[in-house]
Structures are given as structure tokens and as C-alpha cells.
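K.L.:
A structural model of the following input is requested.
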Amino acid sequence: MGNLLQNLLSEADLAKNFEESKPSYNAQEALDEANRCLYCYDAPCITACPTGIDVPGFIKKIASGNLKGSAKTIMEANPVGASCARVCPTEELCEGACVLNHSTKPIMIGDLQRFATDWAIKNEQVLFKAGRKNGNSVAIVGSGPAGLSAARELGRMGYDVTIFESKKEAGGLDTHGIVPFRLPKDISLWEVEQVENLGVELRTDTEVGKDISTDELLHNYDAVMLAVGMSKVPMLGIEGENLAGIHDAIELVEETKNKKYPHAFAGKRIAVIGAGNTAVDGATTSIRLGADNVQILYRRTEAEMTAYDFEYEFAKQDGVEFRWLTAPKRLIGDDDGRLKQMECVRMELQEAGNDGRGRPVEIKGSEFIIDVDIVVKAIGQTRHKPIIEAFGLEHNGGVVQVDPETFVTSNPKVYAAGDVVFGKGIGEAMVVTAAQQGKDTAYAIHQQLIDSKPVHA
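P.N.:
Numbers count the residues shown, from 1 in each chain. Model prediction:
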């Protein structure tokens, strides 16, 4: 990155650093790759996709030049298929299941999915139509992958759907929480637009529990779906967190998604605490902001980190350093109240905890000091307990309890999906998983409302 020169970078230079890092296929590259596909009859790549995309079907349409048909096949199964083309761990899912792994290399399914959906975006395609109105209404709280996918399915089935979103722009994690050089904001906003084209009402800047009550939603709608995702990164819980120079990784990424580039990182030493997807995003963002040195500190080992393999490799290629079995113990400031050092401690793993991972324990007397200018916190996210409790839902530490088949909560009128139902200690839910949960929830709501209608002779 030429970090010593980053102090001199203009806003335009910084914006260039945050452009999408991987180019899309051109038409010939897409055709060549599509023609490698064997179009398996019983394709394992379909089974490996949580949303069940007809992978051979959409690839065959690329090979035959039917790009709109290809994009529609993808988006039919996955309402956030354009985003997933960029952020899915395809090597663990569809590409990992490709039969060609045994002979050559797998079909680059993610790249082909991106090619088809990029064509639809560039050519302003409207892929779906609203169903005939059925007289029922559904409120969806949250517009991330789960909420958006449910809204798309319900809109196609003829429901009056209203999405309530606290932020100014819809799309949740895809719009705000994934670095722009992997997922540009306009991709997820196109997916939002596809849902709005179905007549779904989108109320942004509207916080449920503040601007509208949960009682109003329960009274005014036939069903309510909670898809609020997760909240901010929690405190580290160590001395010195009030010093200047402590950043929330989620907020840092969101700033860059909005084309705001903090200049405080230029030429500085950064320590990122955590080793999940968000930690990698915080580290690679710091590199692009001109940091001189970026280290990820993790209290467990490489084997326990929850970041995807491709993100780990991406971070290493960017020059991010990793310190395993290391935890922060104390933050030390200068006379002006700015962070200058961090006291760390070595850890060792003992017997596995409830999540199946080794339990990190501090090694007494192993403290050491590192020089650091900025700390980026990425140790997970807090839960939206106030809104969960406002609905009166049963939960376990902010994880809403639902029926695994229908996603209905302890209130038979309220459903929940996405990160808000995803359990603790087992990594982060994938975007594609949330999308499928959103679809499944929509079908469950539909079935429940059909069953509850009186039968007339």
C-alpha cells in the first residue's frame, strides 16, 4: 500500500483504495468458464447451496446467452444473490461440492453468479412481479438479508408488506457491515430495489420501540417478523477503554461504506482484537486507510478463528499480522489521553467449553507491552434485547427462541430469523443462511395465515 505515503493521499486516492478488489469476468471469460460445467443431473452444488440455487441451470443460461434468465434463476432462489456472489464462502459450499474438484478445479460458481447478476444490475432489469393482493399484511422489522428475503417472497405471494428500518438506507449487513472492496453498497441497494418493485413499503429512519411501538405492529398487522440482526461491538472490559483511539469495527466499516475515510489511521500502528469476519474487515480496512502496521490479536489459535479461509488469506496478502493466543489486558495512554501502548498477556487453551472450542486461560506472569496507536474492537456483537423484550419474546441472552421449522417465536403472531435467532459461540451466520431463513419464514407465515382463515360453505 505504500504506507509511508498514505499521509499524503487525497480523498480520491482513498476512495480508489476502497474500490472492489476483484474484477468481474468479461463476457468471454464467463462463456469459457460456463462451458466447463458438466451440468450434472443430480448436481451436488445445488444441495450445497443453503438457498438451493439451480447452479447448472443458471450456468447453462450463461452459456446460451440468456443472461436475464440466468440472473432470474439465481435471484429466484436467493433474493440477495448478487451480494452472495461476492461474500459467500463458495469454496466451502457450492464450489467445494463441485465434482470437478476430483479431476481439475471446480467451476468458479461465485464468479459466474456475479457475472449474471452484474449484467442484470447494469441493464436495470426488474426480475419479479407482485402477486395478486390477498388482503393480509405483514410487518418486518429489519431490512437485512433475512428481512429482505422474507419481504420478497411475501410480496410475490400478494401480501401487503411493510419493512421498518432504523437506518437511512436498507439492506442491513450487506449495505452497511461488509467492506466496500468486497461488497460495494450499490449491489445490495439494487437488491433492495428489486423488493421495492414488488410494492413492498420501506420505512427507513424508523426505529421500532421509539418511532412506532411494538403494540402498534401487533395490532395493525396480521403477522410480524423480527429480523433485526445484531448490534454494536461490546466493550473489551479492560482498563483504559476511555482513551482516544478506540474504534468499533462495525462503525469503522460503515464509515467507509458511506465514503467517509478516517485520516487518523494513516501511518499508525493498529491492533485489531478478535479473529472473525468483522475483525478481518477491520484489519483490511485499516490497511487501506494507510496504517503502517496492522496486527490481529486472538486469544485462541488459528484453528479456532471464525473468519472464513478466503478472508484469512486475503488479510495475509494485505500484510496483516496475526498474534495467536494473545489477549489485551490493559490500555495505556499518554499525557493527552491518547492510546500509546497496550499490555497483553499470553493465553493457553484448556478443556473445550459449550461451543466445542478450547477455553482460553491466561498464563500468569506472561504480560508484555506493545506500542499501538489505535485499537479496533471486533469481539462479536451485542444483541437487540430491548426490542426483543418489548415484544415479550422468550430469548436466551438475546438469542430469540423459535420453532426450528416455522421460525415462530413464543408469541404466535411474531416470527424471527437471521442473526437474531443465531446461537452464541458458533461463529457468525452466513448471509446466504439468513436469506434462506427469510424465505422459510415467509412460507411459514403464509401457511399460518391460510390455515387461520375461516372456511365458508
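K.L.:
domain ranges for this protein?
P.N.:
23-122, 137-231+383-452, 246-377 (automatic domain parsing).
K.L.:
can you redo the ones you listed as a markdown table with distance to Lys129, mean neighbour count and mean pLDDT?
P.N.:
C-beta: built from backbone N, CA, C; applies to glycine. Shown next, in a markdown table, are the domains of the chain (distance: least, Cβ to Cβ, whole Å; neighbours: other Cβ atoms under 10 Å; pLDDT from 0 to 100):
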| stretch | distance to Lys129 | mean neighbour count | mean pLDDT |
| --- | --- | --- | --- |
| domain 23-122 | 11 | 20 | 97 |
| domain 137-231+383-452 | 7 | 21 | 94 |
| domain 246-377 | 31 | 19 | 95 |
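K.L.:
closest one to Glu239 among the ones you listed?
P.N.:
With Cβ to Cβ, the closest approach to Glu239 among these belongs to domain 246-377: 4.6 Å.
K.L.:
now the closest one, how far from the centre of its chain.
P.N.:
Distance of domain 246-377 from its chain centroid, counting by Cα atoms, centre = their mean, to the nearest Å, is 19 Å.
K.L.:
circling back: dump the domains of the chain to a markdown table, plus distance to Ala130.
P.N.:
Shown next, in a markdown table, are the domains of the chain (distance: least, Cβ to Cβ, whole Å):
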| stretch | distance to Ala130 |
| --- | --- |
| domain 23-122 | 14 |
| domain 137-231+383-452 | 4 |
| domain 246-377 | 29 |
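K.L.:
so which of those gets nearest Ala15?
P.N.:
With Cβ to Cβ, the closest approach to Ala15 among the domains of the chain belongs to domain 246-377: 6.4 Å.
K.L.:
list the neighbouring strands of the strand of greatest length in the chain plus their orientation.
P.N.:
Looking across the chain with DSSP state E, the single longest strand is strand 339-352. Each strand paired with strand 339-352, and its direction, by DSSP bridges: strand 326-333 (antiparallel), strand 358-362 (antiparallel), strand 368-371 (antiparallel).
K.L.:
now the ones you listed as CSV including distance to Lys105?
P.N.:
CSV is the format used below for the strands paired with strand 339-352 (distance: least, Cβ to Cβ, whole Å):
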stretch, distance to Lys105
strand 326-333, 36
strand 358-362, 34
strand 368-371, 41
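K.L.:
which stretch among these comes nearest Ser10?
P.N.:
strand 368-371 (28.4 Å).
K.L.:
packing partners of the helix or strand following the closest one?
P.N.:
Counting by DSSP states H and E, the element after strand 368-371 in chain order, helix or strand, is strand 374-377. If you count contacts as 3 or more Cβ pairs under 8 Å, 6 or more residues apart in numbering; DSSP states H and E, strand 374-377 packs onto strand 246-248, helix 249-257, strand 269-273, helix 277-288, strand 339-352.
K.L.:
in a markdown table: the ones you listed, plus distance to Glu76.
P.N.:
A markdown table is the format used below for the helices and strands packed on strand 374-377 (distance: least, Cβ to Cβ, whole Å):
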| stretch | distance to Glu76 |
| --- | --- |
| strand 246-248 | 37 |
| helix 249-257 | 27 |
| strand 269-273 | 38 |
| helix 277-288 | 27 |
| strand 339-352 | 41 |
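K.L.:
nearest to Ala444, out of the ones you listed?
P.N.:
Nearest of those to Ala444, taken as Cβ to Cβ: helix 277-288 at 28.2 Å.
K.L.:
from the contact counts, what lies against that closest one?
P.N.:
Using 3+ Cβ pairs under 8 Å, 6+ apart: helix 277-288 touches helix 249-257, strand 269-273, strand 293-297, helix 309-317, strand 374-377.
K.L.:
just the residues contacting the third one, thanks.
P.N.:
Outside of strand 293-297, the residues that reach it under the criterion Cβ atoms under 8 Å, 6 or more residues apart in numbering are 269-275, 279-280, 283, 286-287, 315, 318-323, 326-328, 344, 370.
K.L.:
repeat that with 7 Å
P.N.:
With Cβ atoms under 7 Å, 6 or more residues apart in numbering as the test, strand 293-297 has contacts from 269-273, 275, 279, 283, 286-287, 320-323, 326-328, 344.
K.L.:
same thing with stretch 436-448?
P.N.:
By Cβ under 7 Å, 6+ apart, the residues outside stretch 436-448 that reach it are 50-51, 138, 145-150, 153-154, 157, 223, 225, 227, 406-408, 415, 417-418.
K.L.:
narrow the residues you listed to those in helices?
P.N.:
Among the contacts of stretch 436-448, the residues falling in helices (DSSP state H) are 145-150, 153-154.
K.L.:
what sits against the closest residue to Ala63 other than its chain neighbours?
P.N.:
Closest residue to Ala63 apart from its sequence neighbours, by Cβ to Cβ, 6 or more residues apart in numbering: Ala34 at 4.1 Å. Ala34 is in contact with 59, 62-63, 112, counting by Cβ under 7 Å, 6+ apart.
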